[in-house]
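Enquirer: here are the coordinates; sequence isn't available:
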């Protein structure tokens, strides 16, 4: 009996301790619940932006820019999708697959906006909802010639006529523009559609006289240096009298003078090169305040962007965008800037021309 009494006392003591623990936990939870209930739920808006092939350097730029925006704005999530670049991004955005993406200014944005040149754009018609969000890099197109075999006979662009030459894969911005520029001069090479790696391999074997390649800085990239280790190479420039016909044929491209001996490891006289700008497009489906915050995020963190992607080092956000677009719109109809971009530009003291402001822009948005 004594044993049983002791057991009951122990059971009773354990039960009291257990009940006290439950009561304490219940009180703590009751105190916590009002605090949790008051915490606002963050509603995340998700967007998919098309970029390019994951092996391309511009894919890195797209990911870095998206990461900056996502980090700065917990309620915004941009997912970067691998794609076929400019035209693929624009066509998929027209179909509603993408909310925006990365594209070249004229060979892409202007064509899609005006419904010209490419069958899909023509079929879609004027894309009045298309808007420019940003540029981020200017590309210089280098015309690299193997100075051996048939390439030794090439001294000017006219000497490319009838010779095997590659400007990249059919449909890329570089290939698209370069073919039209030479066509404007009456020059018709024996075009070879090839990836950059294949063009380098063919140049080594003297199967082509050379190739055109867009670079973000005036220097030989690793593949060009690899080619140079096997073959003598040179760069063809544009003569001054050829610039106007080429620029008229591809409005939105621009000419840049490259000084003497500006290319390391390849001494040569100064020359003109043509190039194009890569940027980001969106549509009016994304609200003004959302794009305003997107753009403000990477403008205010541009140092972080160029640390990860040095190709953008010479780009001054907003300022370079506006200067470039003011020139391009003299030659071709471009999509307006997104209302969110206009808002930030005006807030930062820039004067935006009426041609670059869409009808949806709300001037009172910043004060609302």
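Expert: Nice, thanks for sending it over. Since we're looking at a predicted model, the values are computed, not measured.
Enquirer: in the stretch 51-200 of the chain, what spans have low per-residue confidence?
Expert: 106 (pLDDT under 70).
Enquirer: Please, where are all the strands along it?
Expert: Secondary structure of the stretch 51-200 of the chain by DSSP state E, counting those that start in this stretch: the strands cover 76-81, 100-104, 130-146, 164-166, 190-191.
Enquirer: mind giving me JSON lines with those strands and columns for distance to residue 341 and mean neighbour count?
Expert: All C-beta atoms are positioned from the backbone trio N, CA, C, and that covers glycine. Compiled in JSON lines, the strands of the stretch 51-200 of the chain are given as follows (distance: least, Cβ to Cβ, whole Å; neighbours: other Cβ atoms under 10 Å):
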{"stretch": "strand 76-81", "distance to residue 341": "15", "mean neighbour count": "18"}
{"stretch": "strand 100-104", "distance to residue 341": "12", "mean neighbour count": "27"}
{"stretch": "strand 130-146", "distance to residue 341": "6", "mean neighbour count": "24"}
{"stretch": "strand 164-166", "distance to residue 341": "36", "mean neighbour count": "23"}
{"stretch": "strand 190-191", "distance to residue 341": "37", "mean neighbour count": "15"}
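Enquirer: Make TSV from the ones you listed and add distance to residue 231 to it.
Expert: As requested, the strands of the stretch 51-200 of the chain are arranged in TSV below (distance: least, Cβ to Cβ, whole Å):
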stretch	distance to residue 231
strand 76-81	37
strand 100-104	30
strand 130-146	5
strand 164-166	15
strand 190-191	19
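Enquirer: Contacts only, for residue 178.
Expert: 141, 167, 212 (Cβ atoms under 8 Å, 6 or more residues apart in numbering).
Enquirer: wait, which of these is closest to residue 298?
Expert: Checking the contacts of residue 178 against residue 298 with Cβ to Cβ, the nearest one is residue 141 at 25.9 Å.
Enquirer: If I look at the nearest residue to residue 88 once chain neighbours are set aside, what pLDDT would I see?
Expert: Of all residues beyond its chain neighbours, the one nearest residue 88 is residue 50 (6.5 Å), with distances taken as Cβ to Cβ, 6 or more residues apart in numbering. Confidence at residue 50, expressed as pLDDT, is 96.
Enquirer: for the stretch 1-150 of the chain, what spans make up the helices?
Expert: Assignment of helices within the stretch 1-150 of the chain using DSSP state H, counting those that start in this stretch yields the ranges 2-38, 57-72, 86-94, 109-114, 119-124.
Enquirer: which of the residues in the fourth one are buried?
Expert: Buried residues in helix 109-114, defined by neighbour count with 16 or more other Cβ atoms under 10 Å: 109, 110, 111, 112, 113, 114.
Enquirer: helices and strands around it, which ones?
Expert: Contact partners of helix 109-114 among helices and strands, from 3 or more Cβ pairs under 8 Å, 6 or more residues apart in numbering; DSSP states H and E: helix 86-94, helix 119-124, strand 130-146.
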